[in-house]
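**Q** okay, predicted coordinates and the sequence, questions at the end:
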Amino acid sequence: MHDLRAIRDDPAAFDRGLAARGLPVRADEILLLDRAWREIETQLQEAQAMGNRLAREIGIAKKAGGDTDELMRRSAHYKAAETDMARIAAEARKKIDELLASLPNLPTEDVPEGLDETANVVMRTVGRPPHFNFEPKPHDALGEALGMMDFARAAKLSGARFVVLKSTLARLERAIAQFMLDRHTSEWGGYTEVAPPFLVREETAYGTGNLPKSAEDMFQTTNGMWLIPTAEMPLTNLVAGDILDEKDLPLRFTAWTPCFRSEAGAAGRDTRGMIRVHQFPKVELVSITRPEDSAGEHERMTERAEKILQDLGLAYRVMLLSSGDMGFSAQKTYDLEVWLPGQNAYREISSCSNCGAFQARRMNARYRPAGEKGTRPVHTLNGSALAVGRTMVAILENYQRHDGTVTIPPALQPYMAGQEVIEPHG
């Protein structure tokens, strides 16, 4: 949510931010509604003051045994006016809030301006893609040849964009997640592991900015609950409505959860394999910080996600997303893109975003600075570290061998009971 006072103070900066997002300017429209709302609020306060004064006069008149008919008539008039103005003021404020809730976060000044991914900037490239003396296969061909990745039976069970993993690949998926959680919850990572619900209420989805903007990309149950598209949603909302002590910040949470996405906006994209499916596991990182610490926390979080890729020996690059390619709630985002030999391309495996105070205002999450009476919104950050399915895809494609077997990265072998190679099932 945007700060209405900030828009009043600098409407031009607000419009510049929207323009960078590829959206029409809206400050004048918002301020027009704001002025109307404040005028109604002023009238409401005047009506309330008059009603209170008349109530006192009625009390005095009754004690004195005087006639109160005219005072009672005037009091009823002001009470009716007060009720009407309270309703009009609430409707006016609701209209402002709905408009503000529909607008994305504004990019920070160091975000490259552009309408799509073509304006993204490569920050660094780490590692070298492997060299093969044979034609590398895509992960779905490898998985099916191993007898451990079954899209046909998944389609029979659930339809398109699902997969059934078996045997070693089922265990590998679990091992990847456990490896990531162990790294993030160690002293080096500093994150507290959480096992959150996978179904959330509407206000929870609203708090992170997923509703109303991304309703079509989510699954809703018949009783109005929402399946989480990422653990960011429940983890960030752990502080919804709270006033935190400054000394307790930052808070850092991590969770391994299934994620559910309808992929409504991705029709025709990545229809084969595990790159874009409706259900997938992911390890998520969330941080709650003071405003002055969030930029540094963003770099720290991205570094933690990168370290997972480094430990697995996977080549990747870090992209700074343009203003038009960021998610709705982000003010700055780094994407990690891992090299996939089967596609001969880098593909996203993580997004790490600083959301500033945008989500905190929607959730009413605040902290009390030491020595101050008032409160301020916290800053929230989130990052994939990493998408487990896409990590498996990268391992299969980068560690494949000419005979169709796959080497298990050394960092994962302790989680696989010492197994070094994935061979055909059965």
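**A** Nice, I can see it.

**Q** tell me how far stretch 193-201 lies from the chain's centre.
**A** Its chain's C-alpha centre and that of stretch 193-201 lie 14 Å apart, by Cα atoms, centre = their mean, to the nearest Å.

**Q** just the buried residues of that stretch, please?
**A** By 16 or more other Cβ atoms under 10 Å, the buried positions in stretch 193-201 come out as V194, P196, F198, L199, V200. (Glycine included, C-beta is placed from N, CA and C.)

**Q** now, those residues that are in strands?
**A** Residues of those located in strands (DSSP state E): L199, V200.

**Q** rebuild the buried residues of stretch 193-201 as a markdown table, extending it with distance to H402 and pLDDT.
**A** Compiled in a markdown table, the buried residues of stretch 193-201 are given as follows (distance: Cβ to Cβ, whole Å; pLDDT from 0 to 100):
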| residue | distance to H402 | pLDDT |
| --- | --- | --- |
| V194 | 43 | 98 |
| P196 | 43 | 98 |
| F198 | 41 | 98 |
| L199 | 46 | 98 |
| V200 | 47 | 98 |
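
**Q** tell me which of the buried residues of stretch 193-201 is nearest to G389?
**A** Comparing the buried residues of stretch 193-201 against G389 with Cβ to Cβ places F198 closest, at 16.3 Å.

**Q** give the buried residues for the longest helix anywhere in the chain.
**A** In the chain, taking DSSP state H as the definition, the longest helix is helix 27-64. For helix 27-64, the neighbour count (16+ other Cβ under 10 Å) marks 27, 30-31, 33-34, 37, 40-41, 43-44, 47-48, 50-51, 54, 58, 61 as buried.

**Q** likewise for stretch 101-114?
**A** Going by neighbour count (16+ other Cβ under 10 Å), the buried part of stretch 101-114 is A101, L103, P104, N105, L106, P107, V111, G114.

**Q** skipping adjacent residues, who's closest to the fourth one in space?
**A** Distance criterion Cβ to Cβ, 6 or more residues apart in numbering; nearest residue to N105, sequence neighbours excluded, is F358 at 4.2 Å.

**Q** please apply the same query to M180.
**A** In this structure, M180 finds its nearest non-sequential neighbour in V283, 4.3 Å apart by Cβ to Cβ, 6+ apart.

**Q** bridging residues for that neighbour?
**A** V283 has these beta-bridge partners by DSSP bridges: W256.

**Q** any idea whether W188 is helix, strand or coil?
**A** Following DSSP: H, G, I helix; E, B strand; the rest coil, we place W188 in the coil state.

**Q** make 10 the starting number, not 1.
**A** Okay, using 10 as the starting number, the last item reads as W197.

**Q** for the residue nearest to N114, what are its contacts?
**A** Neighbouring residues of F367 by Cβ atoms under 8 Å, 6 or more residues apart in numbering: M10, H11, N114, G218, S338, Q340, T389.

**Q** can you pull the pLDDT of it?
**A** Note for F367: predicted pLDDT of 98.

**Q** tell me how far it lies from A339.
**A** F367 sits 8 Å away from A339, going by Cβ to Cβ, to the nearest Å.

**Q** what domains does the record give for this protein?
**A** The chain breaks down into these domains under automatic domain parsing: 13-110, 126-431.

**Q** so where is the stretch 210-359 of the chain shaky, pLDDT-wise?
**A** Along the stretch 210-359 of the chain, segments meeting pLDDT under 70 span 273-280.

**Q** do a quick rundown of the helices in it.
**A** In the stretch 210-359 of the chain, the segments counted as helices under DSSP state H, counting those that start in this stretch are 211-216, 241-245, 303-320.

**Q** among the buried residues of stretch 110-123, which are in helices?
**A** Among the buried residues of stretch 110-123, DSSP H puts A110 in helices.

**Q** just to revisit the earlier point, F160: which of the helices of the stretch 210-359 of the chain is closest?
**A** Proximity to F160 (Cβ to Cβ) singles out helix 303-320 among the helices of the stretch 210-359 of the chain, at 26.1 Å.

**Q** now do the closest one: everything it contacts.
**A** Applying Cβ under 8 Å, 6+ apart, the external contacts of helix 303-320 come out as 135-136, 188-189, 192-193, 198, 259, 294, 296, 298, 325, 327, 341, 343, 345, 347, 358-359, 361-363, 365, 388, 390, 392-395, 400, 420.

**Q** what do you get for stretch 33-52?
**A** With contact meaning Cβ under 8 Å, 6+ apart, stretch 33-52 is reached by 13, 16-17, 20-21, 23-24, 27-28, 94, 97-98, 101-102, 104-105, 108-109, 112.

**Q** inside helices: which ones of those residues?
**A** Among those, the subset assigned to helices under DSSP H consists of 13, 16-17, 20-21, 23-24, 27-28, 94, 97-98, 101-102, 104-105, 108-109.

**Q** coming back round to it: just the buried residues of the contacts of helix 303-320.
**A** Buried subset of these (neighbour count, 16+ other Cβ under 10 Å): 136, 188-189, 192-193, 198, 259, 294, 296, 298, 325, 327, 341, 343, 345, 347, 358-359, 361-363, 365, 388, 390, 392-395, 400, 420.
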